[in-house]
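Colleague: How does the following fold in three dimensions:
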Amino acid sequence: ITHSDSGLEANHIPMLLGQSEGKDVLQGHLSKANPLWKNITDGSEVLIVFHGPNSYISPNYYPTKQETGKVVPTWNYVTVHVKGAITFIHDESWNMELITNLTDQHEAGQLKPWSVSDAPKDFTKKMLSAIVGLQIDISSIVGKWKVSQNQPEKNKLGVVAGLSQCSESESLKMAAIVQDHIVEGS
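Modeller: Presented below is the predicted three-dimensional model:
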């Protein structure tokens, strides 16, 4: 998420956590057709949001609904907010290393992983000329979460039971997180 003379803008960019000069950084790339790299200058502050599991929580999940009726719907979530200063990178070898690392990470789970070197060199060179690398020097990382921690244990158990009945993977992931929260006793 950035802010420029044209206002707020959000871009969805795959990022890798890396190191540069002994500091944690996020690295990624975007198409040269994306005006982001023209709209903000190197050193501009940006906000990166990493979304984890999230789910609607129905008042029907709470046993206290039957006891008092004093419940409302809510939303449980897990997210991380990273702030930092962005730098745009126009170096072909840096971008090639980034693309290779990003591809290797995401292909690792494939039965037969694809590699950047599988593509013809002239094609890869042409594609590299169409991107801009970016690096964010991290200034802060803040985890934010709401996983029914404000509820009594019986309501947490109700949330786990209710979400476990859902077929959506996000709801099932959230059920597991709330269950872990109960086990940890916090």
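Colleague: any idea how far the closest residue in space to H90 that isn't next to it in sequence lies from G7?
Modeller: In this structure, H90 finds its nearest non-sequential neighbour in V132, 6.3 Å apart by Cβ to Cβ, 6 or more residues apart in numbering. To be clear about C-beta, it is placed using only N, CA and C from the backbone, and glycine gets the same treatment. Per Cβ to Cβ, to the nearest Å, V132 is found 21 Å from G7.
Colleague: Which one's more surrounded, the two?
Modeller: V132 (18 against 8; other Cβ atoms under 10 Å).
Colleague: How many residues are close by P53?
Modeller: 21.
Colleague: Quick check: it vs V78, distance?
Modeller: Counting by Cβ to Cβ, the gap from P53 to V78 is 6 Å.
Colleague: what do the two both touch?
Modeller: Common contacts of P53 and V78 (Cβ atoms under 8 Å, 6 or more residues apart in numbering): I177.
Colleague: how much space is there between the spatially most central residue of the chain and T79?
Modeller: The centre of the chain sits closest to F50, judged by Cα atoms, centre = their mean, with a distance of 2.2 Å. Counting by Cβ to Cβ, the gap from F50 to T79 is 6 Å.
Colleague: now D118
Modeller: 35 Å.
Colleague: Please say which of the two ends up with more neighbours.
Modeller: T79 (15 against 10).
Colleague: List phi and psi for the nearest residue to that one once chain neighbours are set aside.
Modeller: Spatial nearest neighbour of T79, excluding adjacent residues (Cβ to Cβ, 6+ apart): K144 at 5.0 Å. As for K144, its main-chain torsions (degrees, to the nearest 10) stand at phi -130, psi 140.
Colleague: what sits against K144?
Modeller: Contacts of K144 by Cβ under 8 Å, 6+ apart are Y77, V78, T79, V80, H81.
Colleague: Likewise for V116?
Modeller: The contact partners of V116, taken as Cβ under 8 Å, 6+ apart, are M96, I99, T100, T103, T124.
Colleague: Closest one to L163 out of these, please.
Modeller: T103 (34.6 Å; Cβ to Cβ).
Colleague: how near is the closest one to A119?
Modeller: For T103, the distance to A119 equals 10 Å [Cβ to Cβ].
Colleague: before we move on, which element is K156 in?
Modeller: Element membership of K156 [criterion: DSSP states H and E] is helix 153-164.
Colleague: same for that helix, what does it pack against?
Modeller: Applying 3 or more Cβ pairs under 8 Å, 6 or more residues apart in numbering; DSSP states H and E, one finds that helix 153-164 makes contact with strand 45-57, helix 169-184.
Colleague: Out of these, name the one with the poorest average pLDDT.
Modeller: Lowest mean pLDDT of those: helix 169-184, a mean of 89.
Colleague: what inclination does that helix have with respect to strand 45-57?
Modeller: Taking axes from the mean of the first three to the mean of the last three Cα atoms, to 10 degrees, one finds helix 169-184 and strand 45-57 inclined to each other by 90 degrees.
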